[in-house]
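Peer 1: Output the structure for:
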Amino acid sequence: MAEKVVAAVRTGPERTEFREFDMPDIPDDGALLKIEVAGICGTDVKFYSKPPIDDPVIMGHENIGIIAKAGKTFQKRRGLKEGDRVFAEHYVGCYNCEHCHRGDYRLCLATDWRKNPDGIRFGYTPMTRAPHLWGGFAQYMYLPWNSVLHSLPDGLSPELAGVVTPMANGIQWALFDCGVGYQTKLLVQGPGQQGLSQVVTGKQAGAELIIVTGTSKDAKRLEVAKKLGADFTINVEEEDPVERIAEITGGEGVDVALDCTAGAGTAPLLLGLEALKRKGGTLLVQQEVAEFPNFPLAKLCNKYVTVKCARGHNYQSCEQALQQLNSDRFPLDLITTHRFGLEQTHDAIKAVGGSGDAIHVSLMPWL
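Peer 2: Next up, the predicted model:
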C-alpha cells in the first residue's frame with residue numbers, strides 16, 4: 001500500500017477537512033519537506049474567513065522542515081541533502097524574468113496567484129494541482145526545483161525559526177524599504193508579530209525612539225513590545241494618539257510610520273500621516289484598504305512624504321532574520337506564544353485573531 005500524507009484542507013469559509021494524499025514521486029530536481037512548524041499569520045486568518053478562491057487549498061506559507069527526500073540534481077544544485085533543516089519561502093518564481101534576474105522573485109508573475117491562474121505560491125495554490133502538497137498545514141510539502149530555501153543556523157529551534165517570515169518582513173520594511181537607522185524616530189502601529197518584528201529591527205538598527213500603538217485587546221502584546229525595545233506604547237482607545245505622539249516627540253513627530261494593523265481600515269493611514277510632523281518622512285502602508293477616495297493627498301504632498309508599500313521580503317532579509325532569531329540580544333521567545341497539532345488547525349487559525357493573547361502561533365503537524 002502506498003504511503004499516505006495527511007493534510008488540513010481549507011474547503012470553504014472557516015471550514016477545514018482532513019484528507020489523505022499519496023506520497024508523491026519526487027523528480028530528480030525536486031524534494032519533499034517534512035513540515036516541523038508552519039507559522040500562522042494575519043493573512044491566514046483573513047483568507048480562512050473569506051477565501052479569495054473557491055478551490056480547496058492547503059494553507060501554510062511560513063514553513064520550517066527537514067528535507068525528507070531529494071533528487072540528486074536537487075541536492076547538487078542546492079547544496080542540500082536529506083536530513084537538512086530549512087526554511088522555505090512561499091514565493092516560487094520562474095527565474096527567467098527581469099524581476100527574478102535582479103533578485104525580486106517576490107514580484108514574479110509565476111508566483112502571483114492573484115493574477116496568474118498557473119502561479120505557484122506555498123499556502124495559496126489549490127490542492128487540485130498535482131502533486132497537491134502546496135502548503136505547510138500538512139505532514140509533508142512538495143518542493144519544486146525553483147523553491148527558495150534557507151538553511152537554518154545551528155542552534156536555532158524550529159519553533160523560533162517559524163518567526164522568520166514576520167521577522168524578515170520587519171527587516172525588509174523598516175530597514176531596507178524605509179531606511180530606519182541611527183537616530184530614527186519610529187512609529188509602529190499594531191503590536192502583532194509583524195509589528196513586534198519592526199520593533200526588534202528598529203532597535204537593532206539604532207532607532208532613537210520607538211513608539212508602538214495598539215488597542216485594549218493588545219495589552220499583553222504592548223507589554224511584550226516594551227520588553228523588545230519600544231520606548232513608549234499607546235492604547236489608542238484610551239488616549240489620543242496624535243496628541244500623545246506630539247507630546248513624546250516635543251511636537252516634532254516621527255520620521256517613519258509603519259502600518260502593521262492588518263485590516264484596521266483607514267485610521268492607521270491617517271494617524272501615520274498626521275504623526276509625520278517633519279517634512280520628508282516615510283509612510284509604509286499595506287494593501288488592506290481597497291479604496292480611499294477622501295485620502296488627504298494635499299497633506300501628503302505638503303509634508304513631502306514618501307509612501308512605501310509593504311511587499312513581503314527578499315532573500316537578504318530572510319537570511320538576516322534567521323541570524324537575528326539565532327542571537328541572544330532580544331527575548332524573542334516572547335513572540336512564540338501558542339502551538340497546535342495538525343488536527344487543531346481550525347483552532348490554531350482562530351487563536352491568531354482571538355483574544356489578543358496569541359502573537360505567533362505554530363502549527364506542528366507531528367505534535
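
Peer 1: Which residues does stretch 7-24 contact?
Peer 2: Stretch 7-24 is contacted from outside by 2-6, 32, 47-51, 56-59, 127, 130-133, 135, 137-140, 142, 342-343, 345-346, using Cβ atoms under 8 Å, 6 or more residues apart in numbering. No exception for glycine: its C-beta is placed from N, CA and C like everyone else's.

Peer 1: Which among those count as buried?
Peer 2: 5, 32, 47-48, 51, 56-59, 127, 131-133, 135, 137-140, 142, 342, 345 (16 or more other Cβ atoms under 10 Å).

Peer 1: can you tell me the helix or strand for residue 293?
Peer 2: Using DSSP states H and E, residue 293 falls within no helix or strand.

Peer 1: and it, how far is that from residue 176?
Peer 2: 31 Å (Cβ to Cβ, to the nearest Å).

Peer 1: for stretch 354-366, which positions count as buried?
Peer 2: For stretch 354-366, the neighbour count (16+ other Cβ under 10 Å) marks 356, 358-365 as buried.

Peer 1: I misspoke; the intended subject was stretch 297-306.
Peer 2: 300, 303, 305.

Peer 1: Could you export these to CSV, including columns for pLDDT, secondary structure and distance to residue 268?
Peer 2: Listed next are those as CSV, based on pLDDT from 0 to 100; DSSP: H, G, I helix; E, B strand; the rest coil; distance: Cβ to Cβ, whole Å:
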residue, pLDDT, secondary structure, distance to residue 268
300, 92, helix, 15
303, 94, coil, 17
305, 96, coil, 15
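
Peer 1: How is this protein divided into domains?
Peer 2: According to automatic domain parsing, the chain comprises the domains 4-163+335-364, 166-309.

Peer 1: Select, out of those domains, the one closest to residue 323.
Peer 2: Residue 323 lies closest to domain 4-163+335-364 among these, at 6.6 Å (Cβ to Cβ).

Peer 1: Would you work out how far apart the start and end of the closest one are?
Peer 2: One end of domain 4-163+335-364 to the other measures 18 Å (Cα to Cα, to the nearest Å).

Peer 1: where along the stretch 101-250 of the chain do the helices fall?
Peer 2: Using DSSP state H, counting those that start in this stretch, the helices of the stretch 101-250 of the chain run over 158-161, 164-170, 193-205, 219-228, 241-248.

Peer 1: Could you do the stretch 251-367 of the chain as well?
Peer 2: Going by DSSP H, counting those that start in this stretch, the stretch 251-367 of the chain shows helices at 267-275, 297-302, 315-325, 345-352.

Peer 1: Kindly reformat the ones you listed as JSON lines and extend each row with distance to residue 206.
Peer 2: JSON lines is the format used below for the helices of the stretch 251-367 of the chain (distance: least, Cβ to Cβ, whole Å):
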{"stretch": "helix 267-275", "distance to residue 206": "20"}
{"stretch": "helix 297-302", "distance to residue 206": "27"}
{"stretch": "helix 315-325", "distance to residue 206": "14"}
{"stretch": "helix 345-352", "distance to residue 206": "31"}
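
Peer 1: ok, residue 237 to residue 207 distance?
Peer 2: The spacing between residue 237 and residue 207, counted by Cβ to Cβ, is 25 Å.

Peer 1: out of these two, which sits in the busier spot?
Peer 2: A direct count of neighbours by other Cβ atoms under 10 Å for residue 237 and residue 207 places residue 207 higher, at 26 against 11.

Peer 1: wait, doesn't the more buried one sit right on residue 181?
Peer 2: Yes. Residue 207 lies in contact with residue 181 (Cβ atoms under 8 Å); the separation is 7.4 Å.

Peer 1: on that earlier part again, so residue 293 and residue 176 - more neighbours on which side?
Peer 2: Comparing residue 293 with residue 176 by other Cβ under 10 Å, the one with more neighbours is residue 176, at 16 against 4.

Peer 1: what's the more buried one in contact with, if anything?
Peer 2: For residue 176, the contact set (Cβ under 8 Å, 6+ apart) comprises 314, 316-317.

Peer 1: pretty sure residue 138 is touching residue 4, no?
Peer 2: No. If you go by Cβ under 8 Å, residue 138 and residue 4 don't touch, sitting 11.1 Å apart.

Peer 1: got CSV for the buried residues of stretch 354-366, with distance to residue 260 too?
Peer 2: Listed next are the buried residues of stretch 354-366 as CSV, based on distance: Cβ to Cβ, whole Å:
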residue, distance to residue 260
356, 15
358, 16
359, 12
360, 13
361, 17
362, 20
363, 22
364, 25
365, 28
